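Student: sequence unknown, structure follows:
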């Protein structure tokens, strides 16, 4: 009887929180939210100093922010010890406590997104669901609690799992491995975007850990998933991955999405592809990366991670249809803007536009994952996303 009463009270409180969230979204014409990701580090799987600096800055200086979307890789995770991954997630929540306890934000305060570092063991998906129960269970049947969507104010958010675990046969331990760098349920994504558009939402944001167009540090994977040692022409498997990425981006065009928000690459970068923004808010503490090598950059930095020299990157640039060569930026779009700094992004959603400001901390000299004692949080970038007709 006591258990029944306890469960009833829990359900009642949770239902009330959901109703409060829906009420807040109903009357919120303009609102602000944060996108950030990749806070992994050496303090029980988390980079405490950087993440704490951002959390405190948001709570103290941006009191009108309604919630945070955290685009994966909160922690380092563990291949062999799922209990270690659980411990790291709990520690991450402790660092995020000022957000979870912030009365100015609305339930559930943080909307989590699956990253590849959260899913490194066959038990990790189930453990992730237990760790983050306050999300809507409206995703596809095989991704409940991992993919989901919600409306807030005049906007719709589609949270997509790009880093699953694959079981060919659950009892066959040899057919058991990560299935990263792919949206496995594009059918659900389209159904979700279509329904949102039919409801008349003004803005659509998709969110995942992995990006569609790599900007530095993960040219070989992300959603194109071209692999290492690329040679041209593309084989059938790599062609299929690239076409699958294109199918996803075509859905964003079809349903007139504003932007795809993501992490995975430990840098800041934004650009437009076919009128859709891709915004990478890629390091709330994870070791910083160089961006794609430009013409003549043939050395590999010993501090900031650089995946390829320029010559090594050229086959990828060709396959991805990037702007490369002398005086080119080695990115998909010529309007690319980036910064090598720890960062988070605030998006102020209004009726026909959204104002975007990226805030950052530059690393301590000679390091990729540390900040100076006298660090400053500065504006890295600001721009307006006009809503397309």
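Tutor: The structure has been received and is ready for your questions. What you see is a predicted model; the values in this text were computed from it and never measured.

Student: how about the helix or strand that contains residue 358: buried residues?
Tutor: If you go by DSSP states H and E, residue 358 is part of strand 353-361. Going by neighbour count (16 or more other Cβ atoms under 10 Å), the buried part of strand 353-361 is 354, 356-361. Where C-beta positions appear, they are placed from N, C-alpha and C, glycine not excepted.

Student: what packs against it?
Tutor: Strand 353-361 is packed against helix 48-61, strand 268-273, strand 342-349, strand 378-386, with contacts defined by 3 or more Cβ pairs under 8 Å, 6 or more residues apart in numbering; DSSP states H and E.

Student: Pull the contacting residues for the nearest residue to residue 327 once chain neighbours are set aside.
Tutor: Of all residues not flanking residue 327 in the chain, residue 295 sits nearest, at 7.5 Å (Cβ to Cβ, 6 or more residues apart in numbering). Residue 295 makes contact with 310, 324-328, 330 under the criterion Cβ atoms under 8 Å, 6 or more residues apart in numbering.

Student: Burial check on residue 62, number of neighbours?
Tutor: Residues within reach of residue 62, counting by other Cβ atoms under 10 Å, total 15.

Student: Report the beta-bridge partners for the closest residue to it other than its chain neighbours.
Tutor: Nearest non-adjacent residue to residue 62, counting by Cβ to Cβ, 6+ apart: residue 346, 6.2 Å away. Residue 346 forms beta bridges with residue 34, residue 357, as assigned by DSSP bridges.

Student: shift numbering so it begins at 27
Tutor: From this message on, residue numbering opens at 27, which makes the last subject residue 372.

Student: tally of neighbours for residue 372?
Tutor: 21.

Student: show me the contacts for it.
Tutor: 58-60, 88, 91, 382-383, 385.

Student: Only whichever of the contacts of residue 321 are buried, select them in PyMOL.
Tutor: In PyMOL syntax, the buried subset of the contacts of residue 321 is picked out as below (16+ other Cβ under 10 Å):
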select buried, resi 336+350+356
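
Student: and the two most separated of the contacts of residue 321?
Tutor: With distance counted by Cβ to Cβ, no two of these lie farther apart than 336 and 353, which are 13.2 Å apart.

Student: re earlier: which member of the contacts of residue 372 is positioned nearest residue 143?
Tutor: Closest approach between those and residue 143, by Cβ to Cβ: residue 60, at 20.1 Å.

Student: can you pull the contacts of that closest one?
Tutor: 84, 88, 91, 93-95, 370-373.

Student: Export the helices and strands packed on strand 379-387 as CSV, with columns for distance to residue 216.
Tutor: Converted to CSV, these look like this (distance: least, Cβ to Cβ, whole Å):
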stretch, distance to residue 216
helix 74-87, 33
strand 294-299, 19
strand 368-375, 23
strand 404-412, 22
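
Student: could you dump those to JSON lines with distance to residue 267 and mean pLDDT?
Tutor: JSON lines is the format used below for the helices and strands packed on strand 379-387 (distance: least, Cβ to Cβ, whole Å; pLDDT from 0 to 100):
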{"stretch": "helix 74-87", "distance to residue 267": "32", "mean pLDDT": "98"}
{"stretch": "strand 294-299", "distance to residue 267": "17", "mean pLDDT": "98"}
{"stretch": "strand 368-375", "distance to residue 267": "27", "mean pLDDT": "98"}
{"stretch": "strand 404-412", "distance to residue 267": "28", "mean pLDDT": "97"}
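
Student: ranking those by burial, who's on top?
Tutor: Ranked by mean neighbour count, the helices and strands packed on strand 379-387 are led by strand 368-375 with a mean of 25 (mean count of other Cβ atoms under 10 Å).

Student: mind checking how far it is from the chain centre?
Tutor: The chain centroid and the centroid of strand 368-375 are separated by 12 Å, computed with Cα atoms, centre = their mean, to the nearest Å.

Student: can you check stretch 104-120 too?
Tutor: So, by Cα atoms, centre = their mean, the centroid of stretch 104-120 is 19 Å from its chain's centroid.

Student: contacting residues around that stretch?
Tutor: Here stretch 104-120 has contacts from 65, 69-72, 77, 100-103, 126, 144, 146-147, 149-150, 153-154, 157, using Cβ under 8 Å, 6+ apart.

Student: Tell me where the stretch 227-376 of the chain has helices.
Tutor: 262-280, 336-346 (DSSP state H, counting those that start in this stretch).

Student: got JSON lines for the ones you listed, with distance to residue 140 and mean pLDDT too?
Tutor: Formatted as JSON lines, the helices of the stretch 227-376 of the chain follow (distance: least, Cβ to Cβ, whole Å; pLDDT from 0 to 100):
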{"stretch": "helix 262-280", "distance to residue 140": "16", "mean pLDDT": "97"}
{"stretch": "helix 336-346", "distance to residue 140": "24", "mean pLDDT": "97"}
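
Student: State the three-state secondary structure for the residue nearest to residue 68 when sequence neighbours are not counted.
Tutor: Among residues not flanking residue 68 along the chain, residue 395 sits closest, at 7.7 Å (Cβ to Cβ, 6+ apart). Taking DSSP: H, G, I helix; E, B strand; the rest coil as the rule, one finds residue 395 in the coil state.

Student: and residue 388, what is it in contact with?
Tutor: 366-368, 397, 404.

Student: Revised request: answer the last question for residue 302.
Tutor: Residue 302 touches 275, 278-279, 283-286, counting by Cβ under 8 Å, 6+ apart.

Student: could you redo the last one with a cut-off of 6 Å?
Tutor: 278, 283 (Cβ atoms under 6 Å, 6 or more residues apart in numbering).

Student: Before I go, just wanted to say thanks for your time.
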